[in-house]
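Q: Next input, structure requested:
(one chain, ligands or ions: 1)
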Amino acid sequence: MSYYVPRGGLPPQTALTTDRARFTEAYAVIPARTLSDITASFLPGWDRTRLWVLARPLSGFAETFSQYVVEVAPGGGSDEPEPDPDAEAVLFVVDGALTLTLDDDEHRLEPGSYVFLPPGATWTLHNRSIATAAFHWIRKAYEWAPGLDAPPAFVTRDQDVVPIAMPDTAGTWSTTRFVDIADLRHDMHVNIVTFEPGGSIPFPETHVMEHGLYVLEGKGVYLLNQDWVEVEAGDFMWLRAFCPQACYAGGPGRFRYLLYKDVNRHARLGQSRLG
Ligand SMILES: NC(=O)N[C@H](N)C(=O)O
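A: Residues are numbered from 1 along each chain as shown. Sure thing, here's the model as predicted:
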């Protein structure tokens with residue numbers, strides 16, 4: 001498996017400023033080279049760590065998630081990584097080696113490692129190696145549902161999960177699912193979508209679920225609302241609810257992205273006009 005790893009820095013002064021960056025009512029595109037030193041920030045409680053915030057709720061409670069790419073230098077990390085007791089999270093490692101403690105267990109994470117953390121999980125994360133490590137961190141306020149507990153934490157790897165081919169696509173479009181879709185304790189899915197060259201989403205999927213799409217590998221052309229946008233490894237797309245979406249994989253290799261999606265809960269009701 002190979003995953004794009006942002007390196008920061010700054011584009012050279014000779015670079016053109018035209019790029020594919022977009023911010024519209026329905027979606028945003030953050031091209032890979034936008035993850036420069038200028039747009040990095042730091043977090044309280046984290047040592048020798050910087051991050052790029054790719055997504056966050058923008059208009060009150062209308063959006064559901066936040067997403068970061070986090071870079072941890074040797075000796076860095078956190079003993080108190082998550083300040084919000086309601087936050088659930090997925091961590092997906094793209095570079096280097098990290099040591100996770102989860103309750104009393106220690107896990108060595110490597111590129112492809114995937115961690116689900118329910119709200120209130122007891123965890124720490126450190127880089128005890130001599131090289132920089134990087135991971136994606138997707139966070140959401142967990143929505144409790146009557147009669148259901150929060151799902152348990154787990155650690156797995158992209159390499160160990162068999163992708164499920166979409167029907168009638170001859171295997172050119174598949175999804176690596178890290179949780180059972182029948183497990184309604186989960187209110188978010190973070191999957192990896194893979195297209196072989198020539199694979200496509202051949203219709204404008206339009207649905208209430210929001211998305212964060214981080215391109216891990218390859219390139220493609222993506223329909224976002226009314227616009228076709230070329231995207232490549234390291235680019236991030238933020239899609240609001242209902243944003244129509246389709247794509248063609250560009251080849252010559254696979255086109256893969258990490259996909260966030262909110263699922264399995266009632267739509268919040270608007271404010272009552274009665275009384
Ligand atoms: N843009 C996407 O990859 N969307 C997925 N098919 C999905 O919504 O599950």
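Q: now residue 102: how far from the ligand?
A: 28 Å (CB to the nearest ligand atom, to the nearest Å). For every residue, glycine as well, the C-beta is placed using N, CA and C.
Q: which strand residues sit across from that residue in the sheet?
A: residue 105, residue 123 (DSSP bridges).
Q: Now for it: which residues touch it?
A: Residue 102 sits next to 115, 117, 121, 122, 123, 153, 155 when contact means CB atoms under 8 Å, 6 or more residues apart in numbering.
Q: Looks to me like the last one is in a strand.
A: Yes: looking at residue 155 with DSSP: H, G, I helix; E, B strand; the rest coil, it is inside a strand.
Q: Isn't it up against residue 99?
A: No: Residue 155 is beyond contact range of residue 99, at 11.8 Å (criterion: CB atoms under 8 Å).
Q: dump the residue contacts of residue 135.
A: 69, 70, 72, 91, 92, 93, 94, 95, 98, 109.
Q: cutoff 6 Å now
A: 70, 91, 93 (CB atoms under 6 Å, 6 or more residues apart in numbering).
Q: got the contacts of residue 102 as a markdown table, with distance to residue 23 columns?
A: Shown next, in a markdown table, are those (distance: CB to CB, whole Å):
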| residue | distance to residue 23 |
| --- | --- |
| 115 | 30 |
| 117 | 30 |
| 121 | 33 |
| 122 | 37 |
| 123 | 33 |
| 153 | 35 |
| 155 | 35 |
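Q: Of those, which is the nearest to the ligand?
A: Nearest to the ligand among the contacts of residue 102: residue 115, at 21.2 Å, using CB to the nearest ligand atom.
Q: before we move on, what SS does that closest one have?
A: Strictly by three-state DSSP, residue 115 counts as strand.
Q: The nearest residue in space to it that is not next to it in sequence: how many residues sit nearby?
A: In space, and not counting its chain neighbours, residue 115 is closest to residue 91: 4.2 Å by CB to CB, 6 or more residues apart in numbering. Counted by other CB atoms under 10 Å, the residues lying close to residue 91 total 23.
Q: so what strands line up beside whichever helix or strand residue 91 is part of?
A: Element membership of residue 91 [criterion: DSSP states H and E] is strand 87-95. Each strand paired with strand 87-95, and its direction, by DSSP bridges: strand 113-117 (antiparallel), strand 133-141 (antiparallel).
Q: give the contact list for the residue nearest to residue 115.
A: Residue 91 is in contact with 115, 135, 137, counting by CB under 6 Å, 6+ apart.
Q: In three-state terms, label residue 33 for me.
A: helix.
Q: Okay, it and residue 236: tell me how far apart.
A: Remark: distance between residue 33 and residue 236 (CB to CB, to the nearest Å) = 12 Å.
Q: From the neighbour counts alone, determine which of these two ranks first.
A: Neighbours around residue 33 and residue 236, counted as other CB under 10 Å, are more numerous at residue 236. The numbers are 25 against 17.
Q: Test my guess that that one contacts residue 31.
A: No: using CB atoms under 6 Å, residue 236 is not in contact with residue 31, being 8.2 Å away.
Q: could you pull out the strands for the stretch 151-275 of the chain?
A: 154-157, 164-165, 173-176, 188-195, 200-205, 211-217, 219-224, 227-232, 236-239, 245-249, 255-262 (DSSP state E, counting those that start in this stretch).
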